[in-house]
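Q: Build me a structure from this.
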Amino acid sequence: MLGLLLGGIYAFVALGLTVIFGVMEVINVAHGGFVIGGMYTVWFVSDTLGYSPYLGIPLAAVVLFAFGAVMQRTTIAPVMEETEDRRFLVTVAFLVIIVALVEMQFSATPRQLDLDLGSTAVRGVYVLDGQLFALAVAAGTFVAVWAFLHRTETGRAIRGTADNRVNAAYAGVDVRRIDYLTFGLGAALAGLAGALITFVQPFDPYLGNEYLTIAFVVVVIGGLGSITGTLAGGLLVGLIHVFGSFYLPGSYYNVVIMLVFILVLLLRPTGLLGGESRA
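A: Numbers count the residues shown, from 1 in each chain. From the prediction side, this is the model:
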């Protein structure tokens with residue numbers, strides 16, 4: 001059960017990363033900064049404004065969507081026709097800027113929500129209600145994103161752009177509009193993930209880098225650009241984390257995760273469910 005909870009959270013953190021890559025083929029290192037933005041949006045709403053931290057969850061998604069869309073239009077779009085390393089370096093710069101700004105505003109002191117959600121017994125195992133809440137929201141968002149991509153006109157345009165940008169443009173799809181909508185969606189999902197993490201554990205301006213590493217591992221194992229692959233990769237990493245931390249000393253479970261990561265790269269470079277269909 002704990003493995004599924006942790007795996008679901010990992011997969012959700014990686015969801016925005018794989019959505020952006022699936023459509024734009026941008027390796028978005030700023031994803032870690034978006035996660036941080038979501039964390040501190042909740043903290044600002046709760047600690048500074050004095051409102052319920054629950055209000056910070058949708059606000060984080062809205063704020064990060066707007067930030068991601070503006071970032072794409074002003075800095076990513078101008079280099080879309082350039083080499084991949086230029087787009088990569090732009091996202092690296094944004095990660096550094098976001099971390100620095102958050103540290104300047106809120107300091108590097110670890111924070112934790114003053115919220116006692118209690119725990120629930122699940123088959124004899126007590127699980128923190130904060131984890132269950134985060135998993136429930138993550139699962140609902142996964143379903144909503146899947147339905148949006150497969151059941152709406154805009155979602156089908158996004159999938160068509162992911163499959164072939166040139167053909168989508170010839171078919172009348174406004175590819176530039178799809179790009180900033182997708183980048184905004186990916187940023188919103190990252191912000192929402194960060195907001196949920198505050199209900200699970202303490203956080204600081206550098207925690208986003210840790211989750212960024214996990215997100216990259218998850219999307220590579222599952223398959224870059226594949227939402228179902230991201231879910232599978234997250235669950236696999238979560239299970240390895242839980243069982244590895246139980247049977248192995250210290251943090252040796254990280255070694256197992258990295259070995260699986262390398263094995264997937266060697267045996268199936270496209271990931272477990274990648275290479276078939278994006279999004």
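Q: any idea how far Ile214 is from Met258?
A: 11 Å (CB to CB, to the nearest Å). The way it works is simple: take the backbone N, C-alpha and C, and place the C-beta from them, glycine included.
Q: Over to Val200?
A: Val200 is 23 Å from Met258, by CB to CB.
Q: When the two are compared, which one has more neighbours?
A: Val200 (17 against 11; other CB atoms under 10 Å).
Q: all helices of the stretch 51-200 of the chain, in order?
A: All helices of the stretch 51-200 of the chain, identified by DSSP state H, counting those that start in this stretch, fall at 53-71, 84-106, 129-151, 153-163, 165-170, 175-197.
Q: Can you check which of the ones you listed gets nearest to Ala77?
A: Of all those, it is helix 175-197 that lies closest to Ala77, at 6.6 Å by CB to CB.
Q: dump the residue contacts of Leu181.
A: Applying CB atoms under 8 Å, 6 or more residues apart in numbering, we find Leu181 in contact with 69, 154, 158.
Q: Going by neighbour count, which of those are buried?
A: 69, 158 (16 or more other CB atoms under 10 Å).
Q: which one of the contacts of Leu181 sits closest to Tyr40?
A: Tyr40 has its nearest neighbour among the contacts of Leu181 in Ala69, at 19.6 Å by CB to CB.
Q: element containing Val23, please.
A: helix 2-24 (DSSP states H and E).
Q: Report the separation between the closest residue in space to Val217 that isn't next to it in sequence and Ala30.
A: Among residues not flanking Val217 along the chain, Phe261 sits closest, at 5.2 Å (CB to CB, 6 or more residues apart in numbering). As judged by CB to CB, Phe261 and Ala30 stand 22 Å apart.
Q: Compare these two and say which is more crowded by neighbours.
A: Applying other CB under 10 Å to Phe261 and Ala30 shows that Ala30 carries more neighbours, namely 31 against 17.
Q: Help me confirm that that one comes into contact with Val99.
A: No: when contacts are counted by CB atoms under 8 Å, Ala30 is not listed as touching Val99 (10.1 Å).
Q: so who does Gly32 touch?
A: Gly32 neighbours (CB under 8 Å, 6+ apart): 95, 99, 208-209, 211-212, 215.
Q: just the residues you listed now: which is nearest Arg176?
A: For those, the nearest to Arg176 is Leu95 (24.1 Å; CB to CB).
Q: Quick check: the closest one touching Gly33?
A: Yes: between Leu95 and Gly33 there is a contact at 4.5 Å, judged by CB under 8 Å.
Q: Compare the two and say which one has the larger neighbour count.
A: Using other CB under 10 Å, the more surrounded residue of Leu95 and Gly33 is Gly33, with 32 against 20.
Q: Tell me the pLDDT of that one.
A: Here, the pLDDT recorded for Gly33 equals 95.
Q: Quick check: it vs Ala190, distance?
A: In terms of CB to CB, Gly33 sits 8 Å off from Ala190.
Q: same deal with Ser251?
A: Counting by CB to CB - Ser251 and Ala190 are separated by 25 Å.
Q: Please consider this matter closed, and thank you.
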